[in-house]
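In: based on what follows, work out the 3D shape:
(one chain, ligands or ions: 1)
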Amino acid sequence: LAASLLAAVSLFTNAASAASNDNPYGLIEPGHLRVASLGDAKPYTFTDANGQFTGFDVEFFTDVAHRIGINNVDFIGQDFAGILPAVANGQYDAGVAAIGITKAREQTVDFSSGYLAGYLTVLTSKTSGVKNVDTLAKHRLAVIQGTLQESYAVDHFKQTDLVRFPDNNAAISAMNNGTVDAVFLDYESAKTYADRYDLIHAADIPSFDAPAGFAIAKNKVAFKTALDKAIKSAMEDGTWKRLYEKWFPGSPMPKQYLPAADQTTQS
Ligand SMILES: NC(=O)CC[C@H](NC[C@@]1(O)OC[C@@H](O)[C@@H](O)[C@@H]1O)C(=O)O
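Out: Numbering: from 1, shown residues only. Predicted coordinates for the structure are as follows:
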């Protein structure tokens, strides 16, 4: 009964925000974007000292939103595991939080084209004994529920005790108080925490096959088309590159998102 009720509700909400002339993208509220995000995935998406959402993904999405004519963009923080189900059932217009595009996730939502390809990082202290993926065995590794890191660890770190957390902050504090030996999270967030708590990268695992995309409800064709076109123009005019250099200074820059002119010269 619950499942059929949920199905009915999601049908209703999606129908309620079906595309129409004054609402071409089928938003919950015409002219207003409600975006599910995270407060602790700095520098991708996080809340600053004033509680404002900021970071690479936030500024890039906001730029893209302006390009499709939406200037009223609100970000709401929640646990990563809840973002895709909430976007799928129409509680948000989009999910923006370094969310990797995968076939499994595309069962639940659609994604814009990719805009960021990087690494998954095993972050640890200098005293944990975890030096690389091989020494993870018999150690305790924190993963955030619903992330690629969780599924990667289940598939590849069979000798490791996985401990699940709702968000990065909880996982990092567990490592700092000795409850776990390492945390498996995104490269740029790992770098931020490493600088702050004198931690080290035990492993950086490429995740280029799952670049981050903006998650939206399925079958919102006009919305996806508009987002993809705006993403392309933000890359072509160098906006993407400017924001990447601002938020990820010194990090290796994936070439596929640079202006065509840079693709040839970029070493
Ligand atoms: N913000 C989070 O906690 C998301 C964790 C994780 N992000 C992976 C990813 O999308 O991060 C940005 C880029 O490095 C992508 O290549 C990578 O797959 C995921 O999608 O599950």
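In: only C-alpha atoms for contact and neighbour calcs from this point on.
Out: Noted.
In: strands of the protein, start to end?
Out: Secondary structure of the chain by DSSP state E: the strands cover 32-37, 40-41, 45-47, 53-54, 72-77, 94-95, 110-111, 119-124, 140-144, 161-165, 182-186, 200-206, 215-216.
In: how close does residue 22 sit to residue 204?
Out: Per C-alpha to C-alpha, to the nearest Å, residue 22 is found 46 Å from residue 204.
In: among those two, which residue is more densely surrounded?
Out: Neighbour tally, residue 22 and residue 204, criterion other C-alpha atoms under 10 Å: the higher count belongs to residue 204, 19 against 9.
In: closest to the ligand out of the strands of the chain?
Out: Closest approach to the ligand among these (C-alpha to the nearest ligand atom): strand 119-124, 4.7 Å.
In: can you name every helix or strand that that closest one contacts?
Out: strand 182-186, helix 187-197, strand 200-206 (3 or more C-alpha pairs under 8 Å, 6 or more residues apart in numbering; DSSP states H and E).
In: switch to 10 Å and redo it
Out: In terms of contacts (3 or more C-alpha pairs under 10 Å, 6 or more residues apart in numbering; DSSP states H and E), strand 119-124 is packed against strand 140-144, helix 148-156, helix 168-176, strand 182-186, helix 187-197, strand 200-206.
In: could you export that strand as PDB, CA atoms only?
Out: Only the C-alpha atoms of strand 119-124 are listed here, as PDB (Å, rounded to 0.1, in the frame of the first residue of the first chain):
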ATOM      1  CA  TYR A 119      39.200  11.000  -8.100                       C
ATOM      2  CA  LEU A 120      37.800   9.100  -5.100                       C
ATOM      3  CA  THR A 121      40.300   9.500  -2.200                       C
ATOM      4  CA  VAL A 122      41.000   7.300   0.800                       C
ATOM      5  CA  LEU A 123      41.900   9.800   3.400                       C
ATOM      6  CA  THR A 124      43.700   8.700   6.600                       C
END
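In: closest to the centroid, which residue in the protein?
Out: residue 98 (1.9 Å; C-alpha atoms, centre = their mean).
In: what pLDDT does that one get?
Out: Residue 98 is assigned a predicted lDDT (pLDDT) of 98.
In: what's the distance between the closest residue to it other than its chain neighbours and residue 57?
Out: Distances taken as C-alpha to C-alpha, 6 or more residues apart in numbering put residue 212 closest to residue 98, at 5.1 Å, once the chain neighbours are dropped. Distance of residue 212 to residue 57, given as C-alpha to C-alpha: 9 Å.
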